[in-house]
Each structure stands twice: as structure tokens, then as C-alpha cells.
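# task: produce atomic coordinates for the following.
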Amino acid sequence: MNDDRPGLDRREALKRMAAAAATAAVVPTSDLKGQSQPPAKSPPAHTAGPRGTPSDPDLVRPVIPWPRLLTAGELQTVAALCDVILPADERSPSASTVGIPAYINEYVSAPYDAQRRELVQIRGGLAWLNTESEKRFGQPFVGLTSAHKHEICDDICYLPNARPELGSPARFFARFRDLTATGYYTTEAGMKDLRYLGNIARPSWDGPPPEVLRHVGLS
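Predicted structure coming up:
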């Protein structure tokens, strides 16, 4: 699949997008000198409840309270499209094998206005994929060869290059690609693919090195 933007392959471009989204902006302490700061507020008091409640959520084993709305057939198409966007390579597994279809199903099934709108967009896009697959190749998207899947996706993978009548499918593909990349690069396999070095327990911490402190004006 080619979106006609030179210089990066698709997986590397998605990695950079995911890394950029996960990077928080840091303001050096020296930039805040002379600025008045609001007084610190005490955290609101609350009564802790059992684990997994809003007052004490279990973030390791969260309980999702809403039903999943995508059908089994829709999830098959989701898995096939996920693997067109992020297939397995020599170092990393495909998106479907690390649970990305379940993540997308959970996300678009959430009972909030934004997710309700995205559910309509995602379902419409999946239906378009299957209709287009039947029209071009006589079978649903899941049953197509890799080359035929890419042929369809090449027409919608980059909105500025899409034909005017494919604007809606191209917008669907852009959002679906964002969801796939977000889900994938927050899994353990995705973070390994990024070579992310955080979230690792250390026996001690010696603080930032002197050159970093000098760079931010703290030494």
C-alpha cells in the first residue's frame, strides 16, 4: 500500500506518528521565572470504594461496562484491514494477533457522543470495503488476496490523492488507521517495535545526567 509520500515506509511512518502522540511537551523551569503561579489546590476528598470502581479503578484489569457493538462479520473485516495496515514482519506480529480488533470494538462501542459518531463512520467504511470488494473481485474483503486488498486500500489510503467520490471512504480509512496505530503501539509488542525504553523497573535512580541539567538550565 502506497500513500505517495516519499522517504518513509508505512510501518516507520506509523511508528513516528505513535511516538509523537506519546511525547509530552516539557517546559524548562527557567521559562517560568517571573510568572505568577496559581496556588496549589488540595485534591478533592472522596471515599474509596472497591477496586474497579470510579473512585478506585483497577487499571491493570479494567472492567468495561458497555456491550461491544460490532458484529462477528464486521470484526472479521476489521481484522483483515488491521493486517493490511500493520502486517507481521520479521520482528513484530500483525495487528490482529495482538488484540487490535477488540480494542477498536471497545472504542467505537463506548456510549459517548464522539464514539457514537465514529461507530457510524467505521461501520459505514467496513460496509463500503465489502461492497467494493464484491464489485471488483466477486467476494468480501476478508476473502481477497493481499494484492487485491492493497489495490482497494491504495485508492483510499491518502485523502489528498483520493478521487472526489472516494472522500468518505478515505476519511474512514484515515480514522481506522489512527485507531489501529494507537492500539498497536500501546501494546507490549508495539512498544518493543518502537524500541520504547520506559515502564521498566530500576533498582535505583541517579537522576538526570549533568549534560541534561545544563541543557535545561538547572545546573
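# secondary structure element holding residue 135?
In the assignment (DSSP states H and E), residue 135 maps to helix 113-137.
# who are the packing partners of the helix or strand just after that helix?
Toward the C-terminus, helix 113-137 is succeeded by helix 146-154 as the next helix or strand (DSSP H and E). Here helix 146-154 is seen to pack against helix 72-85, helix 113-137 when contacts are counted using 3 or more Cβ pairs under 8 Å, 6 or more residues apart in numbering; DSSP states H and E. Bear in mind the C-beta positions are built from the backbone N, C-alpha and C, glycine included.
# need those in a markdown table with distance to residue 199, can you?
Compiled in a markdown table, those are given as follows (distance: least, Cβ to Cβ, whole Å):
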| stretch | distance to residue 199 |
| --- | --- |
| helix 72-85 | 24 |
| helix 113-137 | 27 |
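# between the ones you listed, which gets nearest to residue 143?
Closest of the helices and strands packed on helix 146-154 to residue 143 is helix 113-137, at 7.8 Å (criterion: Cβ to Cβ).
# what sits up against that closest one?
Helix 113-137 is contacted by residues 69-70, 74, 77-78, 81, 104, 107-109, 139-141, 143-144, 148, 151-152, 168-169, 171-173, 175-176 when judged by Cβ atoms under 8 Å, 6 or more residues apart in numbering.
# only whichever of those residues are buried, select them in PyMOL.
Those of these that count as buried under 16 or more other Cβ atoms under 10 Å are selected in PyMOL with:
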select buried, resi 69+70+74+77+78+81+104+107+108+109+140+141+144+152+169+172+173+176
